[in-house]
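> okay, sequence plus prediction incoming.
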Amino acid sequence: MNEAPHQAIDALFLEERRYPPPPELAKEANAQPGIYERDFAEFWASEARERVSWSTPFDQVCEWDPPYARWFLGGRLNACYNCVDRHVEAGRGEKVAFYWGGRPGRGSNRPSSVTPTPPASWTGGCRSTPAWSAPPARRRRLPRPCR
C-alpha cells in the first residue's frame, strides 16, 4: 500500500514533452545548438572575455569545492562600467537602460547616456539635508557600495 503513492510521485518527475521556440526567435538567440559541443571551461572563458570588460583578466575560469564554486579567479571588473559605460561608448547610449516608474504621470525611461544624472542630483540633495536632521517622512536611504 505504501509503494503506490511513491511510484505516482516518481512518475510526476518524468517529463518528456518538448516546446521548441519559434524559428525566428531561435535564429537570433545567443545560445545556438553548437554550444553543447564545446568544453565547459573554454565556453565560459570565451563568453566572459567577449561579453564582459575586465580591468584585470582572470587566471582560472572556476574552482569547484562542493558545495561552493568560485568563478573567474584572479579577475577584477567594474560592474558599473560593464552595465552602463561600455554601452554608451559602443554607441548605444540612447537605448533605454532602465524604466523608472514613480508617481502616476511621473515615470520615465532613462537611456544609458543620461543615467548618471539622477543619482548625482539625488546625492546632491542628500548633502544639503543630512538624513538625521530630516523629518522621518523625508529621510533618505542610500544603497551601500559593493566591496
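In hand now; what should we look at? Numbers count the residues shown, from 1 in each chain.

> this protein: strands as residue ranges?
Secondary structure of the chain (DSSP state E): strands located at 60-65, 68-73, 96-100, 108-111.

> compare these and give me the one nearest Tyr36.
Tyr36 sits nearest to strand 60-65 of all the strands of the chain, at 17.4 Å, using C-beta to C-beta. Backbone N, C-alpha and C define where each C-beta goes, glycine included.

> who's in contact with Gln60?
72-74 (C-beta atoms under 8 Å, 6 or more residues apart in numbering).

> right, I mislabeled it, should have said Pro21
Ala29.

> so what pLDDT did it get?
Looking at Pro21, its pLDDT stands at 91.

> check Cys126 too.
With respect to pLDDT, Cys126 scores 47.

> what does the one 5 residues further on give?
Ala131 is assigned 48 on the pLDDT scale.

> just to revisit the earlier point, make JSON lines out of the strands of the chain and add mean pLDDT and distance to Ala31.
JSON lines is the format used below for the strands of the chain (pLDDT from 0 to 100; distance: least, C-beta to C-beta, whole Å):
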{"stretch": "strand 60-65", "mean pLDDT": "94", "distance to Ala31": "18"}
{"stretch": "strand 68-73", "mean pLDDT": "95", "distance to Ala31": "19"}
{"stretch": "strand 96-100", "mean pLDDT": "72", "distance to Ala31": "24"}
{"stretch": "strand 108-111", "mean pLDDT": "64", "distance to Ala31": "27"}
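
> now those as JSON lines including distance to Pro22?
Listed next are those as JSON lines, based on distance: least, C-beta to C-beta, whole Å:
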{"stretch": "strand 60-65", "distance to Pro22": "33"}
{"stretch": "strand 68-73", "distance to Pro22": "32"}
{"stretch": "strand 96-100", "distance to Pro22": "24"}
{"stretch": "strand 108-111", "distance to Pro22": "27"}
